[in-house]
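Colleague: Test case, fold it:
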Amino acid sequence: APRLAGAMALALVLMIVGLRAPSRWDNARADYLTESAVRALSLADGSEIVLAPGSAIAVHYRPDARAVVLLRGEALFHPAATTIDERRPFIVDTGAASVTALGTRFWVRRDQSTRVGVLEHSVQARLSGTGPGRREQRLGAGQSARLSQRHGIQPLPGDPARAAAWADGVLMFTATPLAD
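Modeller: Okay, the predicted model is just below:
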């Protein structure tokens, strides 16, 4: 009985540590992260990013692309434009999906799926791998979509600008009881 109790206690500890491991792994890989506050960033190329609370990103400027990995949470992106001197595309990667900026302002949210909303110009949204539904789509200003491995790219209702109001310190609720 003491051995069984010890084994169960060890299993419980390992389970608790395992549940927190993805967050710790994200923190170790992150170049920038937030816990409970919004954080505005300016990258070396002039791109601007606003991280939502509880978010983490890793920045990888490679010879072929300016890549930002959204490890968790949500961010609003305003990439520096591609020019004669800066030809590399600005790409946000969520693991299961990528979003390439086409002269734009947009947000990306990573949870069980990837959500994208475009505030200005357009982005090219792409799901990795194969699966059902549309795997690649251009989204223009005022459009938003869910990128899901199970269902493909699906449009989302609502105004992407309202969904990004948190970046300006505004929270908006529609038909939501005050108790919620």
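Colleague: mind showing which ranges of the protein have poor pLDDT?
Modeller: 1-26, 171-176, 178-180 (pLDDT under 70).
Colleague: what's the neighbour count on T114?
Modeller: 25 (other CB atoms under 10 Å). Where you see a C-beta, it was placed from the backbone N, CA and C, and this is true even at glycine.
Colleague: Now do the same contact list for it.
Modeller: 94, 96-97, 99, 108, 146-148 (CB atoms under 8 Å, 6 or more residues apart in numbering).
Colleague: which phi and psi does it have?
Modeller: phi -110, psi 130 (degrees, to the nearest 10).
Colleague: now it: how far from S36?
Modeller: 23 Å (CB to CB, to the nearest Å).
Colleague: go on, L43?
Modeller: 23 Å.
Colleague: ok, the two, which is more surrounded?
Modeller: L43 (19 against 6).
Colleague: pretty sure the more buried one contacts I49?
Modeller: Yes - L43 is within contact range of I49, at 6.8 Å (criterion: CB atoms under 8 Å).
Colleague: Okay, and the residue lying closest to A163 once chain neighbours are set aside sits in which element?
Modeller: Once flanking residues are discounted, A163 sits nearest to G117: 5.3 Å by CB to CB, 6 or more residues apart in numbering. Using DSSP states H and E, G117 maps to strand 114-127.
Colleague: Neighbouring strands of that strand in the sheet, and parallel or not?
Modeller: The strands that strand 114-127 pairs with in its sheet are strand 97-110 (antiparallel), strand 136-140 (antiparallel), strand 144-148 (antiparallel) (by DSSP bridges).
Colleague: And V50, how far from G117?
Modeller: From V50 to G117 the distance is 13 Å (CB to CB).
Colleague: Just want to know which of those two has more residues nearby.
Modeller: Shown here are V50 and G117; by other CB under 10 Å, G117 has more neighbours (26 against 20).
Colleague: quick one, what contacts the residue nearest to A163?
Modeller: 106-107, 143-144, 156, 160-161, 163-164.
Colleague: Name the nearest of those residues relative to R126.
Modeller: F106 (13.8 Å; CB to CB).
Colleague: Helices along this structure, start to end?
Modeller: 2-29, 160-163 (DSSP state H).
Colleague: chain center to the shortest one, what's the gap?
Modeller: Translated: helix 160-163. 15 Å (CA atoms, centre = their mean, to the nearest Å).
Colleague: Kindly report the same for stretch 130-145.
Modeller: How far stretch 130-145 lies from its chain's middle: 15 Å, per CA atoms, centre = their mean.
Colleague: swap in stretch 50-59?
Modeller: That offset, for stretch 50-59, works out to 8 Å (CA atoms, centre = their mean).
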